[in-house]
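**Q** This is a predicted model, with the sequence first.
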Amino acid sequence: MTKRIALLGCTGSIGQQTLDVIGLHPDKFQLVSIAASKHSEALAQQIARFKPLRVGLSRPGTGKLLETMRFNPQPEYVYGAEGLVALATDPEVDVVVVATSGQHGFAPTLAALKAGKEVALANKEVLVMAGELVTAQAKASGSQIRPIDSEHSAIWQSLRGESFITPGGDENWAEANDKVGRLILTASGGPFRSFSKEQMANVTVEQAMKHPNWNMGPKITIDSATLFNKGLEVIEAHWLFGLPYAKIDVVVHAQSIIHSMVEFLDGSIKAQLGTPDMRLPIQYALGYPERLSNEYPRLDFTKLRELTFELPDTDRFPALRLAYEAGEQGGTYPTVLAAADEEAVRLFHERRISYLGIAELVERTLNAHTNVAHPTLEAIAEADSWARQTAILFSEKQAINSF
């Protein structure tokens, strides 16, 4: 049976790798629709190659050039948030891949789950900011949230064969607390794993963008360097797998071969290993429950020299501590964490604050926040906007580590 795919965020890193997977298995997947923020040559090439029936763009006008181009077949164009929701709830779609960034993923994710679609999720903010709402909708409708992050995919695969798989569906996630001792998320440690704080004070944007293992976008690469990415993944894991933060640990594993582990109550540990290649968790999410073949590089154990593990240093990498604290507080604190971090990373890319200033700016913003417990989408949007404005204000008016 061919699975019909809607891909939201088709021109980003995850979107392009999703298309690699779809292109490798034309007998398994049909790309029904795609969405991007604006026209680009890459988008035009995707339309020409994959022939989607519908294309989403951020607003009317961004697709004027596309609309003058001749495609066969000629796709229908939809726009804005309403367009994303339309693509996500299309009766002709089975799986919705949410690879957009920020709040743009909230509405289509919730709509897709409500419509009974399976959601392959790569948007961190969806679960970090709105995890309570999203997982409640998945359970209410019986739809699956299929994680695309390599770490969460590794946990999902390690739990397979137990009595729980992902939120929603027929599995009872309450049983996870009874059988799992802890989840162990692995972190590469980024390019500054061995740097002292003094060395970190002089880190440049170019240095931070050179991840030792993964090829990722500009935001997630910086987040990996600061360990904010791992902190956000801790919050995601809490919502995906229904476990308290006390049962979610992080270890630094520089080789990025073990993508994460599950320790059960009897002390047994399951782990998923593989080469650092995002196409693997993408393919698993799209093909589930079937495992599909591919031609990607294989892990050669005879060439592995060592697999090392160490505790993260939250003094040098305070972002991980901030994420745990925000997650434990709950409510709108995770929203503020994610939004302030996004602004801080942007300011760092613009060379307006330093590498060390990223975590400092986020912490100041969190300290200024008044929490809203069990927020609605409207409250989440308000907290997101407040956090961005506050972070910018702090960066301009206070002595944040700057260049």
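**A** Sure thing, it's come through.
**Q** For the closest residue to Met278 other than its chain neighbours, grab phi and psi.
**A** Using C-beta to C-beta, 6 or more residues apart in numbering and skipping the chain neighbours, the partner closest in space to Met278 is Gln17 (5.2 Å). C-beta: built from backbone N, CA, C; applies to glycine. Main-chain dihedrals, Gln17, degrees, to the nearest 10: phi -70, psi -30.
**Q** Contact partners for Gln17?
**A** Met278, Arg279, Ile282 (C-beta atoms under 8 Å, 6 or more residues apart in numbering).
**Q** Let me have these in JSON lines, extended by neighbour count.
**A** Formatted as JSON lines, the contacts of Gln17 follow (neighbours: other C-beta atoms under 10 Å):
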{"residue": "Met278", "neighbour count": "22"}
{"residue": "Arg279", "neighbour count": "16"}
{"residue": "Ile282", "neighbour count": "26"}
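**Q** Now, the residues you listed that are in helices?
**A** Taking DSSP state H as the definition of helices, these contribute Arg279, Ile282.
**Q** For the contacts of Gln17, give me TSV that also has distance to Thr302.
**A** TSV is the format used below for the contacts of Gln17 (distance: C-beta to C-beta, whole Å):
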residue	distance to Thr302
Met278	25
Arg279	23
Ile282	27
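**Q** Mind picking the one among the contacts of Gln17 that's closest to Ala138?
**A** Ile282 (19.5 Å; C-beta to C-beta).
**Q** For the stretch 51-200 of the chain, which segments count as helices?
**A** For the stretch 51-200 of the chain, applying DSSP state H, counting those that start in this stretch gives helices covering 64-68, 80-88, 106-114, 124-141, 150-159, 176-179, 197-200.
**Q** Determine the set of other helices and strands touching the second one.
**A** To tie it back to what came earlier, the one meant is helix 80-88. Here helix 80-88 touches strand 3-8, strand 29-35, strand 54-57, strand 76-79, strand 95-98, helix 106-114, going by 3 or more C-beta pairs under 8 Å, 6 or more residues apart in numbering; DSSP states H and E.
**Q** same check, this time on the first one
**A** Packed against helix 64-68 by the contact rule (3+ C-beta pairs under 8 Å, 6+ apart) you find helix 41-50.
**Q** again, but for the fifth one
**A** The contact analysis (3+ C-beta pairs under 8 Å, 6+ apart) places helix 150-159 against strand 145-147, strand 180-187, helix 228-241, strand 258-264, strand 269-273, helix 279-287.
**Q** Over to the last one?
**A** Packed against helix 197-200, as judged by 3+ C-beta pairs under 8 Å, 6+ apart, are the following elements: helix 355-367.
**Q** cool, and the third one?
**A** Packing contacts for helix 106-114, counted by 3+ C-beta pairs under 8 Å, 6+ apart, involve helix 80-88, strand 95-98, strand 118-121, helix 124-141, helix 377-397.
**Q** Low-confidence bits of the stretch 251-400 of the chain, can you list those?
**A** 398-400 (pLDDT under 70).
**Q** what do you get if the cut-off is 90, keeping everything else the same?
**A** For the stretch 251-400 of the chain, the stretches with pLDDT under 90 are 305, 396-400.
**Q** one step back: need the winner for burial among the helices and strands packed on helix 80-88.
**A** Mean neighbour count (mean count of other C-beta atoms under 10 Å) peaks for strand 95-98 among the helices and strands packed on helix 80-88, with a mean of 28.
**Q** contact partners of that strand?
**A** Here strand 95-98 makes contact (C-beta under 8 Å, 6+ apart) with 3-9, 14-15, 18, 87-88, 105, 108-109, 112, 117-123, 126, 146, 148, 282, 285-286.
**Q** switch the cut-off to 7 Å
**A** Defining contact as C-beta atoms under 7 Å, 6 or more residues apart in numbering, one finds that strand 95-98 is touched by 3, 5-8, 18, 88, 105, 108-109, 112, 117-123, 126, 286.
**Q** just stretch 346-362 next, same as before
**A** Stretch 346-362 is contacted from outside by 200-201, 203, 205, 208, 218, 222, 226, 318-319, 322, 337, 340-341, 344-345, 391, 394-395, 400-403, using C-beta under 7 Å, 6+ apart.
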